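**Q** My questions are about this predicted structure, shown below with the sequence.
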Amino acid sequence: ADGSPGPGPGWLDTWGAFADYGVDGVDAADACCDCSWPEGDTTPSDDSDDSGAPTTGGDCTDLAGWADSDGDDCEGYAAGQWCLPDGSAGPGWGNSWGTFADYAVDGVDAAAACCACGRGGTNPGGIGGSGS
């Protein structure tokens, strides 16, 4: 990183640009303190699974043991790009699949359980969101 806001070394090119995930013109480079590393620092502050998909961010931790009604867990949602950190559906989410709430278990859907899907953040509802 050159010290300017933007993707760090942990960001995969296949994810596209931060702007692709922006909401109302605000993307991670604008909204996150961790999206601009000091020059020479190549260590992102979030964890990744073996696929490189983010599973936690900052102080966020996925809800332990959670899986949706089809048995898919937070790692699966992140790896499949089924959700975005704002709680909405990601590029891998099928239009015919309905909403995350359709797969909730005991009232908990991916947006409420998974950091990659907005756990701990603001969920605007939308296609993938639970509307909460």
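**A** On my side now, so go ahead. Numbers count the residues shown, from 1 in each chain.
**Q** To what extent is residue 102 buried, counted in neighbours?
**A** 13 (other CB atoms under 10 Å). Every residue, glycine included, has its C-beta placed from N, CA and C.
**Q** which residues sit in contact with it?
**A** Residue 102 sits next to no residue when contact means CB atoms under 8 Å, 6 or more residues apart in numbering.
**Q** Now do the same contact list for residue 15.
**A** Residue 15 touches residue 81, counting by CB under 8 Å, 6+ apart.
**Q** give me phi/psi at it?
**A** phi -80, psi -10 (degrees, to the nearest 10).
**Q** Quick check: it vs residue 85, distance?
**A** 11 Å (CB to CB, to the nearest Å).
**Q** same question, residue 69
**A** Counting by CB to CB, the gap from residue 69 to residue 85 is 23 Å.
**Q** for the chain, which helix is longest?
**A** helix 74-79 (DSSP state H).
**Q** need the next SSE after it, C-terminal direction.
**A** Using DSSP states H and E, the helix or strand that follows helix 74-79 in sequence is helix 110-113.
**Q** So for that following helix, mean pLDDT?
**A** For helix 110-113, mean pLDDT rounds to 93.
**Q** so what does that helix touch, helix or strand wise?
**A** Helices and strands touching helix 110-113, by 3 or more CB pairs under 8 Å, 6 or more residues apart in numbering; DSSP states H and E, are helix 74-79.
**Q** circling back to that earlier point, going by how many neighbours each has, rank residue 69 and residue 85 and give me the top one.
**A** Higher neighbour count among residue 69 and residue 85: residue 85, with 24 against 10, using other CB under 10 Å.
**Q** before we move on, the earlier item: restricting to C-alpha, output the longest helix of the chain in CSV.
**A** Taking C-alpha atoms only, helix 74-79 is exported to CSV below (Å, rounded to 0.1, in the frame of the first residue of the first chain):
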residue,chain,number,x,y,z
CYS,A,74,-20.1,-18.0,7.3
GLU,A,75,-17.0,-19.4,5.5
GLY,A,76,-19.2,-20.6,2.8
TYR,A,77,-21.0,-17.3,2.4
ALA,A,78,-17.7,-15.4,2.3
ALA,A,79,-16.0,-17.9,-0.1
